[in-house]
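Asks: With the sequence up front, the predicted model follows.
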Amino acid sequence: MSQYPVHFKFPGRLVMVGFGSIGQGVLPLILRHTALPAERITIVTAEDLGQQEAADYGVKFIINPLTQENYRQVLEPLLGKGDFLLNLSVDVSSIALVKLAHEKGALYLDTCIEPWPGGYTDPNVPPSQRTNYALREQMLAVRDAQKGGPTAVITHGANPGLVSHFVKQALLNIAKDTSVDAGNPQSREEWAALAAKLAVKVIHIAERDTQVANTPKKVNEFVNTWSVDGFVSEGCQPAELGWGTHEKELPPQGRRHEFGSKAAIYLMQPGAGTRVRTWTPKAGHFHGFLITHGESISLADYLTHREGDKVVYRPTAHYAYHPCDDAVMSVHEFAGRNWRLQDHKRILNKEILSGGIDELGVLLAGHKKNAYWYGSQLSIDEARKLCPHNTATSLQVCVAVLSGMIWAMENPNRGVVEPDEMDFRRNLEICMPYLGPVTGAYSDWTPLFDRNRLFEESLDKSDPWQFKNVLV
(Lines give C-alpha, C1' and ligand atoms only; values in the text may rest on other atoms or scores of the structure.)
Protein backbone atom coordinates (compact mmCIF):
# COMPACT_ATOMS: atom_id res chain seq x y z
CA MET A 1 0.00 0.00 0.00
CA SER A 2 2.98 2.32 0.49
CA GLN A 3 3.10 3.36 -3.18
CA TYR A 4 -0.32 5.04 -2.93
CA PRO A 5 -0.73 8.58 -1.57
CA VAL A 6 -2.64 8.89 1.68
CA HIS A 7 -5.03 11.77 1.04
CA PHE A 8 -6.35 11.92 4.60
CA LYS A 9 -5.56 10.05 7.81
CA PHE A 10 -9.08 9.46 9.05
CA PRO A 11 -9.19 8.95 12.84
CA GLY A 12 -12.74 7.66 13.14
CA ARG A 13 -14.63 4.50 12.31
CA LEU A 14 -16.29 3.69 8.99
CA VAL A 15 -19.66 1.98 8.68
CA MET A 16 -20.45 0.88 5.13
CA VAL A 17 -24.10 0.07 4.41
CA GLY A 18 -24.38 -2.25 1.40
CA PHE A 19 -21.57 -4.27 -0.16
CA GLY A 20 -22.46 -4.89 -3.78
CA SER A 21 -20.22 -4.16 -6.75
CA ILE A 22 -19.49 -0.58 -5.61
CA GLY A 23 -18.83 -1.48 -1.99
CA GLN A 24 -16.46 -4.26 -3.02
CA GLY A 25 -14.71 -2.00 -5.52
CA VAL A 26 -14.27 0.98 -3.19
CA LEU A 27 -12.99 -0.90 -0.13
CA PRO A 28 -9.42 -1.33 -1.44
CA LEU A 29 -9.38 2.36 -2.46
CA ILE A 30 -10.40 3.44 1.04
CA LEU A 31 -7.72 1.25 2.60
CA ARG A 32 -5.13 2.66 0.19
CA HIS A 33 -5.86 6.35 0.53
CA THR A 34 -7.21 7.10 4.04
CA ALA A 35 -4.83 5.20 6.36
CA LEU A 36 -7.95 3.72 7.90
CA PRO A 37 -7.13 0.30 9.42
CA ALA A 38 -9.42 -2.58 8.54
CA GLU A 39 -10.36 -3.17 12.18
CA ARG A 40 -12.15 0.21 12.25
CA ILE A 41 -14.40 -0.69 9.30
CA THR A 42 -17.76 -2.44 9.62
CA ILE A 43 -19.91 -3.57 6.69
CA VAL A 44 -23.67 -3.89 7.24
CA THR A 45 -25.41 -5.55 4.31
CA ALA A 46 -28.50 -7.52 3.37
CA GLU A 47 -26.80 -10.58 1.86
CA ASP A 48 -23.56 -12.53 1.90
CA LEU A 49 -22.31 -11.04 -1.39
CA GLY A 50 -18.64 -10.09 -0.94
CA GLN A 51 -18.27 -11.77 2.45
CA GLN A 52 -15.05 -13.52 1.45
CA GLU A 53 -13.51 -10.29 0.17
CA ALA A 54 -14.32 -8.55 3.47
CA ALA A 55 -12.70 -11.44 5.33
CA ASP A 56 -9.60 -11.22 3.11
CA TYR A 57 -9.17 -7.59 4.13
CA GLY A 58 -9.96 -8.26 7.79
CA VAL A 59 -13.12 -6.15 7.79
CA LYS A 60 -16.08 -6.92 10.06
CA PHE A 61 -19.08 -8.16 8.05
CA ILE A 62 -22.64 -8.07 9.42
CA ILE A 63 -25.56 -9.56 7.46
CA ASN A 64 -28.63 -7.69 8.68
CA PRO A 65 -31.03 -6.13 6.13
CA LEU A 66 -31.90 -2.60 7.25
CA THR A 67 -35.58 -1.69 7.43
CA GLN A 68 -37.55 1.32 8.52
CA GLU A 69 -38.16 -0.49 11.81
CA ASN A 70 -34.63 -1.68 12.67
CA TYR A 71 -32.08 0.67 11.06
CA ARG A 72 -31.53 2.73 14.20
CA GLN A 73 -31.17 -0.31 16.41
CA VAL A 74 -28.56 -1.78 14.06
CA LEU A 75 -26.54 1.34 13.24
CA GLU A 76 -26.62 3.47 16.40
CA PRO A 77 -24.16 1.27 18.35
CA LEU A 78 -21.71 1.44 15.44
CA LEU A 79 -21.69 5.22 14.95
CA GLY A 80 -20.35 8.08 17.02
CA LYS A 81 -19.04 11.60 16.67
CA GLY A 82 -16.33 11.84 14.03
CA ASP A 83 -17.19 8.52 12.37
CA PHE A 84 -18.23 8.05 8.72
CA LEU A 85 -21.45 6.49 7.43
CA LEU A 86 -21.03 5.39 3.81
CA ASN A 87 -24.35 4.45 2.24
CA LEU A 88 -23.99 2.23 -0.85
CA SER A 89 -27.25 0.35 -0.39
CA VAL A 90 -30.55 0.06 -2.23
CA ASP A 91 -33.97 0.19 -0.56
CA VAL A 92 -32.60 2.04 2.48
CA SER A 93 -33.77 5.64 2.92
CA SER A 94 -30.95 8.12 2.37
CA ILE A 95 -32.91 10.78 4.23
CA ALA A 96 -33.23 8.52 7.28
CA LEU A 97 -29.50 7.82 7.27
CA VAL A 98 -28.57 11.49 6.76
CA LYS A 99 -30.66 12.39 9.80
CA LEU A 100 -29.08 9.60 11.85
CA ALA A 101 -25.54 10.63 10.88
CA HIS A 102 -26.35 14.23 11.79
CA GLU A 103 -27.64 13.20 15.21
CA LYS A 104 -24.52 11.10 15.84
CA GLY A 105 -22.09 13.76 14.62
CA ALA A 106 -20.88 11.48 11.82
CA LEU A 107 -19.90 12.29 8.24
CA TYR A 108 -22.01 10.79 5.45
CA LEU A 109 -21.91 10.02 1.71
CA ASP A 110 -24.24 8.26 -0.73
CA THR A 111 -24.33 7.84 -4.51
CA CYS A 112 -28.04 8.55 -4.97
CA ILE A 113 -31.04 9.51 -2.85
CA GLU A 114 -32.74 6.20 -2.09
CA PRO A 115 -36.24 5.83 -0.61
CA TRP A 116 -37.52 2.93 1.45
CA PRO A 117 -38.77 0.00 -0.68
CA GLY A 118 -41.56 0.96 -3.09
CA GLY A 119 -40.69 4.64 -3.13
CA TYR A 120 -39.68 4.51 -6.79
CA THR A 121 -42.50 2.34 -8.08
CA ASP A 122 -45.56 2.48 -5.77
CA PRO A 123 -48.51 3.06 -8.16
CA ASN A 124 -50.46 4.62 -5.30
CA VAL A 125 -47.95 7.49 -5.21
CA PRO A 126 -48.39 10.18 -7.92
CA PRO A 127 -45.65 10.05 -10.60
CA SER A 128 -44.36 13.50 -9.64
CA GLN A 129 -43.66 12.20 -6.13
CA ARG A 130 -41.78 9.14 -7.42
CA THR A 131 -39.13 11.27 -9.10
CA ASN A 132 -35.58 12.17 -8.14
CA TYR A 133 -36.80 15.75 -8.24
CA ALA A 134 -39.16 15.04 -5.33
CA LEU A 135 -36.51 13.10 -3.40
CA ARG A 136 -34.05 15.96 -3.87
CA GLU A 137 -36.59 18.50 -2.62
CA GLN A 138 -37.12 16.36 0.48
CA MET A 139 -33.37 16.16 1.07
CA LEU A 140 -32.93 19.91 0.60
CA ALA A 141 -35.65 20.44 3.21
CA VAL A 142 -33.61 18.29 5.60
CA ARG A 143 -30.54 20.40 4.80
CA ASP A 144 -32.42 23.59 5.59
CA ALA A 145 -33.78 22.16 8.85
CA GLN A 146 -30.39 20.93 10.04
CA LYS A 147 -28.68 24.28 9.40
CA GLY A 148 -25.18 22.93 8.91
CA GLY A 149 -23.53 20.28 11.04
CA PRO A 150 -21.38 17.34 9.93
CA THR A 151 -20.84 17.11 6.18
CA ALA A 152 -23.27 14.85 4.34
CA VAL A 153 -22.30 14.50 0.68
CA ILE A 154 -25.32 13.35 -1.31
CA THR A 155 -25.41 11.74 -4.80
CA HIS A 156 -21.65 11.47 -5.29
CA GLY A 157 -20.72 8.52 -7.46
CA ALA A 158 -19.70 8.73 -11.11
CA ASN A 159 -23.06 10.11 -12.15
CA PRO A 160 -24.43 11.80 -10.28
CA GLY A 161 -21.20 13.09 -8.76
CA LEU A 162 -18.06 13.04 -10.88
CA VAL A 163 -19.89 14.37 -13.94
CA SER A 164 -20.65 17.66 -12.15
CA HIS A 165 -16.90 18.19 -11.83
CA PHE A 166 -16.48 17.30 -15.51
CA VAL A 167 -19.05 20.00 -16.38
CA LYS A 168 -17.08 22.72 -14.59
CA GLN A 169 -13.84 21.72 -16.28
CA ALA A 170 -15.63 21.56 -19.65
CA LEU A 171 -17.02 25.07 -19.19
CA LEU A 172 -13.53 26.40 -18.53
CA ASN A 173 -12.14 24.53 -21.54
CA ILE A 174 -14.83 25.89 -23.85
CA ALA A 175 -14.27 29.41 -22.53
CA LYS A 176 -10.54 29.15 -23.23
CA ASP A 177 -11.10 27.74 -26.72
CA THR A 178 -13.62 30.44 -27.65
CA SER A 179 -11.59 33.35 -26.18
CA VAL A 180 -14.12 34.02 -23.43
CA ASP A 181 -12.75 35.38 -20.16
CA ALA A 182 -14.02 32.81 -17.65
CA GLY A 183 -12.35 34.44 -14.65
CA ASN A 184 -12.19 32.14 -11.63
CA PRO A 185 -15.80 31.16 -10.92
CA GLN A 186 -16.45 29.98 -7.37
CA SER A 187 -20.10 30.58 -6.52
CA ARG A 188 -23.25 29.14 -8.02
CA GLU A 189 -24.02 32.54 -9.54
CA GLU A 190 -20.61 32.80 -11.19
CA TRP A 191 -20.78 29.32 -12.75
CA ALA A 192 -24.32 29.98 -14.00
CA ALA A 193 -23.21 33.31 -15.49
CA LEU A 194 -20.33 31.58 -17.30
CA ALA A 195 -22.60 28.87 -18.76
CA ALA A 196 -25.02 31.60 -19.90
CA LYS A 197 -22.17 33.66 -21.39
CA LEU A 198 -21.01 30.62 -23.37
CA ALA A 199 -24.61 29.96 -24.50
CA VAL A 200 -24.55 26.30 -23.50
CA LYS A 201 -28.07 25.09 -24.26
CA VAL A 202 -27.88 21.43 -23.31
CA ILE A 203 -25.79 19.13 -21.13
CA HIS A 204 -25.97 15.42 -21.86
CA ILE A 205 -24.40 12.97 -19.45
CA ALA A 206 -23.39 10.87 -22.44
CA GLU A 207 -22.22 7.33 -21.67
CA ARG A 208 -21.51 4.31 -23.87
CA ASP A 209 -20.43 1.02 -22.27
CA THR A 210 -18.85 -1.46 -24.71
CA GLN A 211 -17.77 -4.13 -22.21
CA VAL A 212 -18.60 -7.69 -23.31
CA ALA A 213 -18.70 -10.90 -21.27
CA ASN A 214 -17.59 -14.37 -22.29
CA THR A 215 -21.03 -15.68 -21.24
CA PRO A 216 -23.90 -13.88 -22.99
CA LYS A 217 -27.19 -12.97 -21.37
CA LYS A 218 -29.60 -15.84 -20.98
CA VAL A 219 -33.38 -15.80 -21.31
CA ASN A 220 -35.07 -14.55 -18.11
CA GLU A 221 -31.81 -13.00 -16.86
CA PHE A 222 -30.89 -9.34 -16.25
CA VAL A 223 -27.20 -8.70 -16.86
CA ASN A 224 -25.35 -5.47 -16.08
CA THR A 225 -21.86 -4.13 -15.35
CA TRP A 226 -23.05 -2.58 -12.08
CA SER A 227 -25.96 -3.02 -9.66
CA VAL A 228 -28.94 -4.67 -11.34
CA ASP A 229 -31.25 -3.55 -8.54
CA GLY A 230 -29.98 0.02 -8.79
CA PHE A 231 -30.40 0.18 -12.56
CA VAL A 232 -33.84 -1.39 -12.47
CA SER A 233 -35.03 0.96 -9.72
CA GLU A 234 -34.02 4.15 -11.49
CA GLY A 235 -35.11 2.75 -14.86
CA CYS A 236 -38.65 2.31 -13.53
CA GLN A 237 -38.89 5.90 -12.30
CA PRO A 238 -40.33 8.52 -14.65
CA ALA A 239 -37.78 9.85 -17.14
CA GLU A 240 -36.54 13.22 -15.85
CA LEU A 241 -34.55 16.12 -17.20
CA GLY A 242 -33.53 19.61 -16.22
CA TRP A 243 -35.56 21.93 -18.42
CA GLY A 244 -33.76 24.74 -20.25
CA THR A 245 -34.97 28.25 -20.95
CA HIS A 246 -34.33 27.77 -24.68
CA GLU A 247 -36.96 25.01 -24.94
CA LYS A 248 -40.07 26.00 -26.88
CA GLU A 249 -42.52 23.22 -25.98
CA LEU A 250 -42.98 20.35 -23.58
CA PRO A 251 -42.65 16.86 -25.06
CA PRO A 252 -45.97 15.00 -25.51
CA GLN A 253 -45.61 13.07 -22.24
CA GLY A 254 -43.93 15.95 -20.42
CA ARG A 255 -45.22 17.27 -17.12
CA ARG A 256 -44.13 20.13 -14.86
CA HIS A 257 -43.80 19.89 -11.10
CA GLU A 258 -46.06 21.99 -8.93
CA PHE A 259 -43.54 22.42 -6.11
CA GLY A 260 -39.87 23.14 -5.53
CA SER A 261 -37.34 24.86 -7.77
CA LYS A 262 -39.20 24.15 -11.05
CA ALA A 263 -35.80 23.44 -12.65
CA ALA A 264 -36.86 20.08 -14.13
CA ILE A 265 -39.71 18.22 -15.78
CA TYR A 266 -40.64 14.55 -15.96
CA LEU A 267 -42.24 12.29 -18.55
CA MET A 268 -45.21 10.01 -17.94
CA GLN A 269 -43.16 6.97 -18.91
CA PRO A 270 -40.22 5.04 -17.44
CA GLY A 271 -36.70 6.19 -18.15
CA ALA A 272 -35.79 2.68 -19.33
CA GLY A 273 -38.55 3.05 -21.93
CA THR A 274 -37.35 6.44 -23.20
CA ARG A 275 -34.52 7.00 -25.66
CA VAL A 276 -32.58 10.11 -26.66
CA ARG A 277 -29.93 10.97 -29.24
CA THR A 278 -26.41 11.82 -28.10
CA TRP A 279 -22.72 11.61 -29.04
CA THR A 280 -19.38 10.52 -27.58
CA PRO A 281 -15.96 10.64 -29.28
CA LYS A 282 -15.36 6.90 -29.69
CA ALA A 283 -18.94 5.71 -30.17
CA GLY A 284 -20.06 8.59 -32.36
CA HIS A 285 -23.81 9.25 -32.36
CA PHE A 286 -26.16 6.73 -30.76
CA HIS A 287 -29.44 6.28 -28.90
CA GLY A 288 -29.26 6.17 -25.10
CA PHE A 289 -31.85 5.64 -22.38
CA LEU A 290 -33.11 8.77 -20.65
CA ILE A 291 -32.64 7.31 -17.16
CA THR A 292 -33.47 9.68 -14.33
CA HIS A 293 -30.44 10.82 -12.36
CA GLY A 294 -29.86 13.42 -9.68
CA GLU A 295 -27.37 15.41 -11.77
CA SER A 296 -30.04 16.14 -14.40
CA ILE A 297 -31.85 18.23 -11.80
CA SER A 298 -29.01 19.57 -9.67
CA LEU A 299 -26.95 20.76 -12.65
CA ALA A 300 -29.91 22.55 -14.22
CA ASP A 301 -30.73 24.16 -10.89
CA TYR A 302 -27.11 25.06 -10.10
CA LEU A 303 -26.54 26.65 -13.51
CA THR A 304 -29.74 28.71 -13.44
CA HIS A 305 -28.85 32.37 -14.05
CA ARG A 306 -31.19 34.98 -12.64
CA GLU A 307 -31.62 38.69 -12.96
CA GLY A 308 -33.32 39.56 -9.71
CA ASP A 309 -36.03 36.96 -9.26
CA LYS A 310 -36.35 36.28 -12.99
CA VAL A 311 -34.80 33.15 -14.52
CA VAL A 312 -33.04 34.30 -17.68
CA TYR A 313 -30.94 31.20 -18.40
CA ARG A 314 -30.99 27.51 -17.60
CA PRO A 315 -29.62 24.58 -19.64
CA THR A 316 -31.50 21.40 -20.41
CA ALA A 317 -29.66 18.56 -18.67
CA HIS A 318 -30.22 14.81 -18.77
CA TYR A 319 -28.59 11.40 -18.82
CA ALA A 320 -28.21 9.55 -22.13
CA TYR A 321 -27.06 6.03 -21.28
CA HIS A 322 -26.20 3.15 -23.58
CA PRO A 323 -25.21 0.35 -21.17
CA CYS A 324 -23.34 -2.76 -22.28
CA ASP A 325 -25.13 -4.70 -25.01
CA ASP A 326 -26.22 -7.49 -22.65
CA ALA A 327 -27.83 -4.86 -20.42
CA VAL A 328 -29.67 -3.38 -23.42
CA MET A 329 -31.12 -6.79 -24.18
CA SER A 330 -31.96 -7.18 -20.49
CA VAL A 331 -33.87 -3.88 -20.52
CA HIS A 332 -35.74 -4.94 -23.68
CA GLU A 333 -36.82 -8.19 -22.02
CA PHE A 334 -37.60 -6.36 -18.76
CA ALA A 335 -39.87 -3.92 -20.60
CA GLY A 336 -41.61 -6.81 -22.37
CA ARG A 337 -42.41 -8.26 -18.95
CA ASN A 338 -44.26 -5.02 -18.17
CA TRP A 339 -41.40 -3.86 -15.95
CA ARG A 340 -41.27 -6.97 -13.75
CA LEU A 341 -37.70 -8.03 -13.08
CA GLN A 342 -36.40 -11.30 -14.51
CA ASP A 343 -35.99 -14.27 -12.18
CA HIS A 344 -32.20 -14.24 -12.48
CA LYS A 345 -29.70 -11.40 -12.37
CA ARG A 346 -25.94 -11.22 -12.88
CA ILE A 347 -23.37 -8.47 -12.38
CA LEU A 348 -20.51 -8.83 -14.83
CA ASN A 349 -16.96 -8.70 -13.55
CA LYS A 350 -14.42 -11.49 -14.01
CA GLU A 351 -16.19 -12.79 -17.12
CA ILE A 352 -15.74 -9.49 -19.00
CA LEU A 353 -13.45 -9.93 -22.00
CA SER A 354 -10.51 -7.69 -22.79
CA GLY A 355 -11.03 -4.61 -24.94
CA GLY A 356 -14.26 -2.96 -23.80
CA ILE A 357 -14.48 0.53 -22.33
CA ASP A 358 -16.92 2.69 -20.43
CA GLU A 359 -16.91 6.06 -22.16
CA LEU A 360 -18.49 8.38 -19.59
CA GLY A 361 -18.55 12.14 -19.94
CA VAL A 362 -20.54 15.30 -20.44
CA LEU A 363 -21.63 16.74 -23.78
CA LEU A 364 -22.11 20.52 -23.62
CA ALA A 365 -23.78 21.85 -26.76
CA GLY A 366 -25.30 24.92 -28.37
CA HIS A 367 -22.26 27.15 -27.88
CA LYS A 368 -19.98 28.81 -30.44
CA LYS A 369 -18.14 25.55 -31.25
CA ASN A 370 -21.39 23.52 -31.35
CA ALA A 371 -20.70 20.54 -29.06
CA TYR A 372 -17.91 19.52 -26.67
CA TRP A 373 -17.57 16.19 -24.85
CA TYR A 374 -15.30 15.85 -21.83
CA GLY A 375 -14.83 12.70 -19.81
CA SER A 376 -13.28 9.32 -19.08
CA GLN A 377 -12.57 6.52 -21.57
CA LEU A 378 -11.59 3.84 -19.07
CA SER A 379 -11.05 0.30 -20.37
CA ILE A 380 -11.71 -2.94 -18.53
CA ASP A 381 -8.03 -3.84 -18.93
CA GLU A 382 -6.79 -0.66 -17.26
CA ALA A 383 -9.45 -0.86 -14.55
CA ARG A 384 -8.23 -4.33 -13.59
CA LYS A 385 -4.64 -3.10 -13.39
CA LEU A 386 -5.59 -0.07 -11.29
CA CYS A 387 -7.71 -1.68 -8.59
CA PRO A 388 -8.96 -5.21 -7.75
CA HIS A 389 -12.65 -6.18 -7.77
CA ASN A 390 -13.48 -3.52 -10.39
CA THR A 391 -14.76 -3.16 -13.93
CA ALA A 392 -14.43 0.02 -15.98
CA THR A 393 -17.95 0.99 -14.90
CA SER A 394 -17.53 0.31 -11.20
CA LEU A 395 -14.13 2.00 -10.90
CA GLN A 396 -15.47 5.29 -12.28
CA VAL A 397 -18.06 5.19 -9.50
CA CYS A 398 -15.74 3.92 -6.79
CA VAL A 399 -13.03 6.52 -7.22
CA ALA A 400 -15.68 9.26 -7.12
CA VAL A 401 -17.00 7.76 -3.88
CA LEU A 402 -13.45 7.93 -2.55
CA SER A 403 -12.92 11.55 -3.64
CA GLY A 404 -16.24 12.59 -2.11
CA MET A 405 -15.29 10.90 1.16
CA ILE A 406 -11.89 12.63 1.19
CA TRP A 407 -13.50 15.99 0.48
CA ALA A 408 -15.97 15.44 3.34
CA MET A 409 -13.11 14.53 5.69
CA GLU A 410 -11.27 17.70 4.67
CA ASN A 411 -14.45 19.79 4.98
CA PRO A 412 -16.24 18.17 7.96
CA ASN A 413 -18.76 20.87 8.88
CA ARG A 414 -20.57 21.76 5.67
CA GLY A 415 -23.96 20.14 6.30
CA VAL A 416 -25.77 18.53 3.36
CA VAL A 417 -23.80 19.18 0.16
CA GLU A 418 -24.46 18.37 -3.51
CA PRO A 419 -21.64 17.59 -5.97
CA ASP A 420 -22.12 20.90 -7.78
CA GLU A 421 -21.26 22.76 -4.55
CA MET A 422 -17.94 20.96 -4.00
CA ASP A 423 -14.40 21.81 -5.08
CA PHE A 424 -14.22 20.24 -8.54
CA ARG A 425 -10.44 20.56 -8.77
CA ARG A 426 -9.83 18.60 -5.57
CA ASN A 427 -12.20 15.84 -6.63
CA LEU A 428 -10.69 15.56 -10.10
CA GLU A 429 -7.19 15.51 -8.60
CA ILE A 430 -8.10 12.43 -6.56
CA CYS A 431 -10.04 10.73 -9.37
CA MET A 432 -7.75 11.29 -12.36
CA PRO A 433 -5.26 8.44 -11.69
CA TYR A 434 -8.15 5.95 -11.88
CA LEU A 435 -10.08 7.26 -14.91
CA GLY A 436 -7.91 6.10 -17.80
CA PRO A 437 -7.71 8.56 -20.70
CA VAL A 438 -9.57 11.76 -19.79
CA THR A 439 -10.14 13.76 -22.94
CA GLY A 440 -12.09 16.58 -24.49
CA ALA A 441 -13.38 16.58 -28.08
CA TYR A 442 -15.40 18.99 -30.21
CA SER A 443 -17.96 17.77 -32.73
CA ASP A 444 -20.16 19.19 -35.45
CA TRP A 445 -22.79 16.54 -34.69
CA THR A 446 -26.32 17.67 -33.83
CA PRO A 447 -29.56 15.69 -33.31
CA LEU A 448 -30.54 16.71 -36.85
CA PHE A 449 -27.71 14.67 -38.39
CA ASP A 450 -28.96 12.36 -41.16
CA ARG A 451 -32.60 12.82 -40.21
CA ASN A 452 -35.50 12.55 -42.69
CA ARG A 453 -33.47 9.94 -44.60
CA LEU A 454 -36.11 7.22 -44.33
CA PHE A 455 -39.21 9.13 -43.24
CA GLU A 456 -40.24 12.75 -42.97
CA GLU A 457 -40.01 13.85 -39.32
CA SER A 458 -41.36 16.86 -37.51
CA LEU A 459 -38.14 18.67 -36.60
CA ASP A 460 -37.22 22.12 -35.38
CA LYS A 461 -34.46 22.98 -37.83
CA SER A 462 -34.17 26.53 -36.51
CA ASP A 463 -32.65 25.21 -33.28
CA PRO A 464 -31.00 21.76 -33.43
CA TRP A 465 -30.75 21.56 -29.65
CA GLN A 466 -34.46 21.58 -28.92
CA PHE A 467 -35.35 18.52 -26.83
CA LYS A 468 -37.94 17.76 -29.48
CA ASN A 469 -35.05 16.89 -31.82
CA VAL A 470 -33.15 14.90 -29.18
CA LEU A 471 -36.04 12.66 -28.11
CA VAL A 472 -36.36 9.46 -30.12
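Replies: Nice, I can see it.
Asks: Relative to Thr45, how far out is Ala54?
Replies: Applying Cβ to Cβ, to the nearest Å, the value for Ala54 to Thr45 is 9 Å. Placement of C-beta: from N, CA and C, glycine included.
Asks: Can you check which residues contact both of those two?
Replies: With Cβ atoms under 8 Å, 6 or more residues apart in numbering applied, the overlap between the contact sets of Ala54 and Thr45 consists of Phe19, Phe61.
Asks: could you point out which element follows the longest helix along the chain?
Replies: Using DSSP state H, we find that the single longest helix of the chain is helix 392-410. Counting by DSSP states H and E, the element after helix 392-410 in chain order, helix or strand, is strand 416-417.
Asks: Just the pLDDT at the closest residue to Val399 other than its chain neighbours, thanks.
Replies: In space, Val399 comes closest to Tyr434 once its chain neighbours are excluded; the distance is 4.0 Å by Cβ to Cβ, 6 or more residues apart in numbering. Listed pLDDT for Tyr434 reads 98.
Asks: ditto for Asn124
Replies: Value listed for Asn124 in the pLDDT field: 87.
Asks: tell me how far stretch 221-232 is from the chain's mean position?
Replies: Relative to the centre of its chain, stretch 221-232 is centred 15 Å away, using Cα atoms, centre = their mean, to the nearest Å.
Asks: ok, residues contacting stretch 5-12?
Replies: Contact partners of stretch 5-12, identified using Cβ under 8 Å, 6+ apart, comprise 33-36, 40, 80, 82-84, 106-107, 406, 409-410, 430.
Asks: List just the nearest of these to His285.
Replies: Closest approach between these and His285, by Cβ to Cβ: Ile430, at 32.1 Å.
Asks: Contact partners for the closest one?
Replies: His7, His33, Val399, Leu402, Ser403, Ile406.
Asks: State the distance from it to Pro150.
Replies: Ile430 is 20 Å from Pro150, by Cβ to Cβ.
Asks: what's around Glu421, how many residues?
Replies: 14 (other Cβ atoms under 10 Å).
Asks: got a list of contacts for stretch 408-415?
Replies: Contacts of stretch 408-415 (Cβ under 8 Å, 6+ apart): 8, 10, 34, 84, 107-109, 143, 146-153, 417, 426.
Asks: Phe289 reaches Glu234, doesn't it?
Replies: No - assessed by Cβ atoms under 8 Å, Phe289 is found out of contact with Glu234, at 9.9 Å.
Asks: Show me whatever sits in contact with both of the two.
Replies: Taking Cβ under 8 Å, 6+ apart as the contact rule, the neighbours common to Phe289 and Glu234 are Gly271.
Asks: Quick check: closest non-adjacent residue to Arg136.
Replies: Nearest residue to Arg136, sequence neighbours excluded (Cβ to Cβ, 6+ apart): Ile297, at 5.7 Å.
Asks: Sorry, wrong one. I was asking about Trp191.
Replies: Pro185 (4.8 Å).
Asks: any idea how far Ala195 is from that neighbour?
Replies: 9 Å.
Asks: now do Pro270
Replies: Taking Cβ to Cβ, one finds Pro270 at 30 Å from Ala195.
Asks: now do Gly12
Replies: 38 Å.
Asks: Determine the number of other residues adjacent to Gly375.
Replies: Count around Gly375 with other Cβ under 10 Å applied: 30.
Asks: same thing with the one 10 residues further on?
Replies: Residues near Lys385, counting by other Cβ under 10 Å, number 10.
Asks: what helix or strand is it on?
Replies: helix 380-386.
Asks: So for that helix, what gets flagged as buried?
Replies: For helix 380-386, a neighbour-count test (16 or more other Cβ atoms under 10 Å) marks Ile380, Asp381, Glu382, Ala383, Arg384, Leu386 as buried.
Asks: about what we covered before: which of the contacts of stretch 408-415 are buried?
Replies: Among the contacts of stretch 408-415, those buried by neighbour count (16+ other Cβ under 10 Å) are 8, 10, 34, 84, 107-109, 143, 146, 149-153, 417, 426.
Asks: Closest one of those residues to Gly254?
Replies: Nearest member of the buried ones among the contacts of stretch 408-415 to Gly254, counting by Cβ to Cβ, is Arg143, at 28.1 Å.
Asks: do you know how far that closest one is from Leu97?
Replies: 14 Å.
Asks: Tell me who's in contact with Gly436.
Replies: Ile357, Ser376, Gln377, Leu378, Ser379, Glu382, Ala383, Ala392.
Asks: domain ranges for this structure?
Replies: Using automatic domain parsing, the domain ranges for the chain come out as 14-153, 162-393+433-470.
Asks: Can I get these in a markdown table including distance to Met422?
Replies: As requested, the domains of the chain are exported to a markdown table (distance: least, Cβ to Cβ, whole Å):
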| stretch | distance to Met422 |
| --- | --- |
| domain 14-153 | 7 |
| domain 162-393+433-470 | 8 |
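Asks: Please identify the buried residues of the helix or strand containing Phe334?
Replies: If you go by DSSP H and E, Phe334 is part of helix 325-336. Of all the residues in helix 325-336, those buried under the rule 16+ other Cβ under 10 Å are Asp325, Asp326, Ala327, Val328, Met329, Ser330, Val331, Phe334.
Asks: circling back: show the buried residues in the contacts of stretch 5-12.
Replies: His33, Thr34, Leu36, Arg40, Asp83, Phe84, Ala106, Leu107, Ile406, Met409, Ile430.
Asks: sorry, back to before: out of the contacts of stretch 5-12, which one has the weakest pLDDT?
Replies: Ala35 (92).
Asks: separation between that one and Phe84?
Replies: In terms of Cβ to Cβ, Ala35 sits 13 Å off from Phe84.
Asks: again with Leu471
Replies: 41 Å.
Asks: Please enumerate the helices of the stretch 1-150 of the chain.
Replies: With helices called from DSSP state H, counting those that start in this stretch, the stretch 1-150 of the chain shows them at 21-33, 51-57, 71-75, 94-104, 132-146.
Asks: Just name the most buried of those helices.
Replies: Mean neighbour count (mean count of other Cβ atoms under 10 Å) peaks for helix 21-33 among these, with a mean of 24.
Asks: helices or strands up against that one?
Replies: strand 14-17, strand 41-45, helix 51-57, helix 392-410 (3 or more Cβ pairs under 8 Å, 6 or more residues apart in numbering; DSSP states H and E).
Asks: try 10 Å this time
Replies: Under the contact definition 3 or more Cβ pairs under 10 Å, 6 or more residues apart in numbering; DSSP states H and E, helix 21-33 sits against strand 14-17, strand 41-45, helix 51-57, strand 84-87, helix 228-236, helix 392-410.
Asks: Take these and write them to a markdown table, including distance to Thr215.
Replies: Listed next are those as a markdown table, based on distance: least, Cβ to Cβ, whole Å:
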| stretch | distance to Thr215 |
| --- | --- |
| strand 14-17 | 29 |
| strand 41-45 | 26 |
| helix 51-57 | 21 |
| strand 84-87 | 31 |
| helix 228-236 | 15 |
| helix 392-410 | 17 |
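Asks: and Ser128, which of those is closest to it?
Replies: helix 228-236 (15.1 Å).
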